[in-house]
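> return a 3D structure for these sequence lines:
(one chain, ligands or ions: 1)
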Amino acid sequence: MALFIVSAPSGSGKSTLVYELMHQVSGLSFSVSYTTRAPRGSEVNGREYFFIDRRQFEAMIAGGEFLEHAEVFGNCYGTTWAFLEQAGREGRDLVLDIDVQGARQVKQRFPDAVSIFIAPPDRATLSRRLTGRGLDAPDAIEQRLQVASREIAAYNGYDYVVINDRLEESVAQLCAIVRCGRGGGSGSAAGRDCALAETCRQNRAGERLRVVLTSFGLPAPDPH
Ligand code: 5GP
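Residues are numbered from 1 along each chain as shown. Below you'll find the model as predicted:
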């Protein structure tokens, strides 16, 4: 069974990308996390998350039910062993949508997990997207941008970076990374997937990544 970790700063379009991935690539299961945050909008208990209170969350930690957990924006989030075990039994690969702290923990436990960081094209675009979705007050947006900058600084702990500029292109890249990461494919389609995935390797993201990092005031890697 392969494990795929997808992380992104809030507002980077990760939910849409993960939704497309789950629909376009067969044999994948999505790990539904537990969280202490309240449901938003059209979220359904058991679909996006299992919504529980802090006491229940702490009981799950004590019971050893989480393979990783972290606090994000003042709420607790955790991935259970149960989803991993179920995916294993069903012979499916598992997709985890978790933050950078969770990604680090999972990579430590499962070094073969494939980790993918989704980055916004630049700070101004992320700011516009956060403002446009109308979920946050201006000071909360400023806080999200600061957190985004810290998260983006962790990009080099990931195997792949997808810069979500054009949706279709990003979906194609994400699907290719997953299909290639599964291995076992052969022929020209598998070759194309792996060639596309290769362009997203963290250490190959090059000039496009430099634009992202610089816009967030982060040091860009040496080109040589
Ligand atoms: P949101 O509340 O906006 O759905 O998610 C906030 C952040 O928590 C996102 O970065 C999301 O990836 C992350 N997250 C969701 N579930 C988990 C989890 O189980 N573990 C960790 N570490 N982060 C999670």
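
> C-alpha only now, for contacts and for neighbours.
Will do.

> can the helix or strand where Arg128 lies be said to contact the ligand?
Assigned by DSSP states H and E, Arg128 falls within helix 123-132. No: counting by CA under 6 Å from any ligand atom, the ligand is not contacted by helix 123-132; separation bottoms out at 11.6 Å.

> next, the buried residues of that helix.
Arg123, Leu126, Ser127, Arg129, Leu130 (16 or more other CA atoms under 10 Å).

> do the next helix or strand after it and the ligand meet at all?
On the C-terminal side of helix 123-132, the closest following helix or strand by DSSP H and E is helix 138-152. No: using CA under 6 Å from any ligand atom, we find that helix 138-152 stays clear of the ligand, coming within 9.1 Å at best.

> helix 138-152: how far from the chain's middle?
Distance of helix 138-152 from the chain centroid (CA atoms, centre = their mean, to the nearest Å) equals 17 Å.

> what lies in contact with that helix?
Contacts to helix 138-152, defined as CA atoms under 8 Å, 6 or more residues apart in numbering, come from residues 8-10, 100, 119, 123, 126-127, 130-131, 213, 216, 218.

> with just CA atoms, put the next helix-or-strand element following that helix into PDB.
Using DSSP H and E, the next helix or strand after helix 138-152 towards the C-terminus is strand 160-163. Below are the C-alpha coordinates for strand 160-163, written out as PDB (Å, rounded to 0.1, in the frame of the first residue of the first chain):
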ATOM      1  CA  TYR A 160       7.300  17.100  -4.700                       C
ATOM      2  CA  VAL A 161       6.000  20.700  -5.100                       C
ATOM      3  CA  VAL A 162       3.000  21.500  -7.200                       C
ATOM      4  CA  ILE A 163       2.500  25.300  -7.800                       C
END
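
> noted, bye for now.
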